[in-house]
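Trainee: Need a 3D model of the following:
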Amino acid sequence: MNILSVGKSPKDVAERISREVPRSVQLQTLIDTYPEGVQRGKEFYIGSLRGEAGKSMVINIDMQSPWFLNGKDFESGEGVGGICKIFKEGRGYTLAECVEYFKEYISPDYVAPPENIVKPNNPSNFAVTTAQQGFPQQQKSMSINSSTDFEDEYNYTDENGIVIVSVRKYFEKNAQGELILDASGKPKKQFRQFMEGRQGIPEPRPLYNIPNILDSDKVIWVEGEKCADALTSLGYVATCTIGGAGMLSENTAYKFDFTPLKGKELILWPDNDAAGKKLASIVEAQAKEAGVKSTIILKIPTTKSEKWDAADAVEENFNIEKMLKKNERSVKKPINLLDESLLVDQYFVGSVPEQKFLIGDTIPLGVPCVFAAAGDSGKGMMTLDLAMKVASGTSMQSAFGGLVAEHGDVILITAEDDKDEMHRRISRLDPQRHREVYSHKLRVLPLPNLGGVFPIMQKFDNTYLMGEEFSRIYDQMLEMETLKLIVIDPMASFVHADVNADPAAGAAFMSLLAQMATETGATVMVNHHMAKIKDNDPVTTPEQARSLIRGTSAIVDGVRSAFAVWSVDEGTGKQRCRDLNVEYTRNGVFDGAVVKSNGPANRDIRHFIRNPNTGLLEDRSQDVRSITMSQSVRDRLSHIVEFVRIRELDGRAVTHGGVNSGIFHAIRESEAIEPCVVYLQGAGGQTTIKKAVTEALAMGMIRKYALSTGGEEKWLGAMDGSLARGEYERQTGRDNI
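Mentor: Alright, predicted model coming up:
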């Protein structure tokens, strides 16, 4: 390795680097070296030149100032002057390595320097006192060359196993041979790279463990050779980049060779700190450029300590495989139209995935969903009621006009209602305190009592990003294995961008919700406003309601499901209350329906009446329809339901249509003498029977089920029968289906 200007002192070389390297590059290098540092205007704060967080050392970052990158530690009196001092103390670089790092910016008049002209951790420049760190004062002096004893050695080889470069780890020792400890009481380490017996780094810089990378389809990148070897010992294929966070940055990434990762599935496992996350993002970007098949940056469990890494996981017998599987939903795959696996006969194979519902035939599970209604209609009460029913674990409960079909953990985040108001609502919905014995966990977060509202998404430099505070909470959501529902109330409070006027903002937020639903497996429901309905122009169809949802079309177009509730006109409301024998109140009678669905859903209009005791809009659709029916129609429906129930009990379930399995054929051919059979055999033709089945399905009196996972939902059964419970057994014999 060479250095500048023969005969010049180290000070002259350092000053030349500070003078010739662009200050913007030096500033970015300072930030990369100290990820725990904080920028405040034209000053940069850090705990010390070792890199821990704090404010005792301040560095000038005013690029117009003659004192640029100069500073002082107010506790120790230690000074810093220039990027070379920062590299020497923060990264353990020699002056020669500083020259190598910045050589592209400096005129090329290099000559060989005296060996170790500037030693790392020069004791004249840096001494830690007992009062500062709680450890005995130790003078540092360490000269490293190819013959210096080292603790570990890691060999980087090519595809044939030939060593390209070796990385050696050294523990720092003082003049008496005693270990020098860092702020946490652990031995301070230095790493040096050697090529053919001399210090140096090859260009381009190789990945670790290349032979195994080339033989594997899936590779785990970690931050350091120790971590890679630990995972290799368990049978994983692991790699790392040489020099860790100290050498790889956006400015130096071009020096690294990521081509061995082409076509691989890459899992990135950063150390549990800010520097690790940043380094992982740089590696991910470079791997994508090299043609990686897919990437995923692992979410580290929030219970793990700062700097926790793969080697720590192996040492503590952590369940690595479980963490890898939990993160599979976050895999990012670049689209390659030349990839044969995307062909329809390759990509869509196996059994058809079952469409699961959070609310039967109404709200799917694991998708983003918009719930829209006018102000003061009771959106918050309806979503709270749904949240409590999902967490309860109790079957046969209705919400949004359908039966709750899935149970699990729930998170409800509200920006407008405080703890006292939420407590009152919960008590009205659950006066018997059944919530104390729920099967699953319900977390209600009233943000007015928890530090205020934070953005889920915000706009920064024309880019839409997940908010920092929500990102921390979201990492915790990803650790919840039985999460089924996330409620965000209302949308407008959590988006620091104009989703109502800016289509890009609306699309970005819906995309973020889709990511959350995919990665958590939960339905993500956001409450949103509808435009005010004019008294002389009431809503009568789901299509009209959809058009009144506020904001750009991207909001509704960007979700898999949308449900809307709207008030009916006064005349209809009063008549409905008279029919149901309840007192009419303004803002008490509503209709609702699925107004957007990317899959099968019941789009029938449901009829809601506000419960005067709880304030909840309750589904009274079946009651309303029953009142408007003639006695003969009601009799026909009751007999249809009874016939379906009998056939299900006999293990001979019927379908809505069809020749052999259809309900009309079964009624006509039946020799049973049950009253329902006798009645239906004289009730009319096939059209009459099929119409009655359609009405019974719409009223929620019966429903359709599949007989096997992935099978078609066509078999008619009771709402609480053996088909609903998954216990149905078909009978064999002459009349089997």
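
Trainee: Now stretch 227-237: buried residues?
Mentor: Buried residues in stretch 227-237, defined by neighbour count with 16 or more other Cβ atoms under 10 Å: 227-232, 236-237. C-beta: built from backbone N, CA, C; applies to glycine.

Trainee: what does that stretch rub up against?
Mentor: The contact list for stretch 227-237, computed with Cβ atoms under 8 Å, 6 or more residues apart in numbering, reads 154, 208-209, 212-213, 215-216, 218-220, 222, 238-240, 269, 309-311, 313-315, 320.

Trainee: Drop the exposed ones from those residues and show what's left.
Mentor: Of the contacts of stretch 227-237, these count as buried by 16+ other Cβ under 10 Å: 154, 208-209, 212-213, 216, 219-220, 222, 238-240, 269, 309-311, 313-314, 320.

Trainee: Which of those fall in helices?
Mentor: Per DSSP state H, helices hold the following members of the buried ones among the contacts of stretch 227-237: 212-213, 310-311, 313-314, 320.

Trainee: just curious, which of the residues you listed is nearest to Glu15?
Mentor: Ala311 (40.2 Å; Cβ to Cβ).

Trainee: what two of the ones in helices among the buried ones among the contacts of stretch 227-237 are the furthest from one another?
Mentor: The widest separation within these (Cβ to Cβ) is 20.5 Å, between Ile213 and Ala313.

Trainee: now, among the ones in helices among the buried ones among the contacts of stretch 227-237, which is nearest to Glu172?
Mentor: Ala311 (20.1 Å).

Trainee: wait, what's in contact with the closest one?
Mentor: 224, 226-227, 230.

Trainee: count of neighbours near Pro364?
Mentor: 23 (other Cβ atoms under 10 Å).

Trainee: Please disregard the earlier target; I meant Glu669.
Mentor: 10.

Trainee: Return the distance of it relative to Gln681.
Mentor: 10 Å (Cβ to Cβ, to the nearest Å).

Trainee: Low-confidence regions, the stretch 1-150 of the chain specifically.
Mentor: Applying pLDDT under 70 to the stretch 1-150 of the chain picks out residues 1-8, 74-77, 107-143.

Trainee: In stretch 513-528, which residues are buried?
Mentor: 513-517, 519-528.

Trainee: Where does the prediction get shaky in the stretch 251-400 of the chain?
Mentor: Using pLDDT under 70, the flagged stretches of the stretch 251-400 of the chain are 329-330, 332.

Trainee: on that earlier part again, from the contacts of Ala311, which two are the most distant?
Mentor: So for those, where distance means Cβ to Cβ, the most widely separated pair is Gly224 and Ala230, at 9.6 Å.

Trainee: can you pull the contacts of the residue nearest to Lys704 when sequence neighbours are not counted?
Mentor: Nearest residue to Lys704, sequence neighbours excluded (Cβ to Cβ, 6 or more residues apart in numbering): Glu713, at 4.6 Å. Applying Cβ under 8 Å, 6+ apart, we find Glu713 in contact with 704-706.

Trainee: go with 10 Å
Mentor: Glu713 is in contact with 354-355, 361, 600, 703-707, 723, counting by Cβ atoms under 10 Å, 6 or more residues apart in numbering.

Trainee: In strands, which of these appear?
Mentor: Per DSSP state E, strands hold the following members of the contacts of Glu713: 703-705.

Trainee: Pick the one among the residues you listed closest to Gly263.
Mentor: Of all these, Tyr705 has the smallest distance to Gly263: 43.3 Å, by Cβ to Cβ.

Trainee: If you tally nearby residues, what's the number for that closest one?
Mentor: 21.

Trainee: and what of the one 10 residues further on?
Mentor: Each residue near Trp715 was counted by other Cβ under 10 Å, and the total is 23.

Trainee: and it, bridged to which residues?
Mentor: Thr655, Tyr705 (DSSP bridges).

Trainee: how much space is there between it and Arg730?
Mentor: Distance from Trp715 to Arg730, by Cβ to Cβ: 10 Å.

Trainee: Repeat that for Thr303.
Mentor: From Thr303 to Arg730 the distance is 48 Å (Cβ to Cβ).

Trainee: more neighbours, those two?
Mentor: Arg730 (12 against 8).

Trainee: so how far is Glu669 from that one?
Mentor: 18 Å.

Trainee: Over to Asp345. Which of the three states is it?
Mentor: helix (DSSP: H, G, I helix; E, B strand; the rest coil).

Trainee: what's the burial count for it?
Mentor: Residues near Asp345, counting by other Cβ under 10 Å: 7.

Trainee: Quick one: the strands in the stretch 251-400 of the chain, in order.
Mentor: 265-269, 294-297, 357-359, 363-364, 368-373, 398-399 (DSSP state E, counting those that start in this stretch).

Trainee: Let's have the ones you listed in CSV, adding distance to Arg428.
Mentor: Converted to CSV, these look like this (distance: least, Cβ to Cβ, whole Å):
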stretch, distance to Arg428
strand 265-269, 48
strand 294-297, 44
strand 357-359, 21
strand 363-364, 23
strand 368-373, 19
strand 398-399, 16
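
Trainee: so which of those comes closest to Ala508?
Mentor: strand 368-373 (12.6 Å).

Trainee: Pull the closest one out as CSV, backbone CA atoms only.
Mentor: Extracted in CSV, the C-alpha atoms of strand 368-373 (Å, rounded to 0.1, in the frame of the first residue of the first chain):
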residue,chain,number,x,y,z
PRO,A,368,-56.5,-4.4,3.3
CYS,A,369,-60.1,-3.2,3.7
VAL,A,370,-61.7,0.3,3.7
PHE,A,371,-64.7,0.8,6.0
ALA,A,372,-66.5,4.0,4.9
ALA,A,373,-69.4,5.9,6.4
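
Trainee: contacting residues for the closest residue to Arg23 other than its chain neighbours?
Mentor: Leaving aside its sequence neighbours, Arg23 sits nearest to Met63 (Cβ to Cβ, 6+ apart; 4.3 Å). Shown in contact with Met63 (Cβ under 10 Å, 6+ apart): 22-24, 26-27, 42, 69.

Trainee: So which of those residues sit within helices?
Mentor: Going by DSSP H, the helices hold 23-24, 26-27 from the contacts of Met63.

Trainee: most surrounded residue in those?
Mentor: Top of the ones in helices among the contacts of Met63 by neighbour count (other Cβ under 10 Å): Gln26, with 21 neighbours.

Trainee: sorry, back to before: mind checking which of the strands of the stretch 251-400 of the chain is nearest Ala593?
Mentor: strand 368-373 (11.2 Å).

Trainee: Partner strands of the closest one and their direction?
Mentor: Using DSSP bridges, strand 368-373 pairs in its sheet with strand 523-529 (parallel), strand 561-567 (parallel).

Trainee: contacting residues for Asn209?
Mentor: 154-157, 216, 219, 225, 228-229, 231-232, 237-240, 260.

Trainee: now, which of the residues you listed sits nearest Arg433?
Mentor: Closest to Arg433, out of all of the contacts of Asn209 and judged by Cβ to Cβ, is Leu231, at 48.7 Å.

Trainee: Would you check how far apart the closest one and Asp309 are?
Mentor: 10 Å.

Trainee: what residues are shared contacts of those two?
Mentor: If you check Leu231 and Asp309 against Cβ under 10 Å, 6+ apart, the residues they both contact are 222, 269.

Trainee: hey, where'd the strands end up in the stretch 451-600 of the chain?
Mentor: 457-460, 463-466, 483-489, 495-496, 523-529, 561-567, 589-597.

Trainee: between those, which one is nearest to Pro448?
Mentor: strand 483-489 (12.4 Å).

Trainee: And what about Arg168, helix, strand or coil?
Mentor: With three-state DSSP as the basis, Arg168 sits in strand.

Trainee: Count the residues that sit near the closest residue to it other than its chain neighbours.
Mentor: Nearest residue to Arg168, sequence neighbours excluded (Cβ to Cβ, 6+ apart): Phe150, at 4.0 Å. Phe150: 17 surrounding residues under other Cβ under 10 Å.
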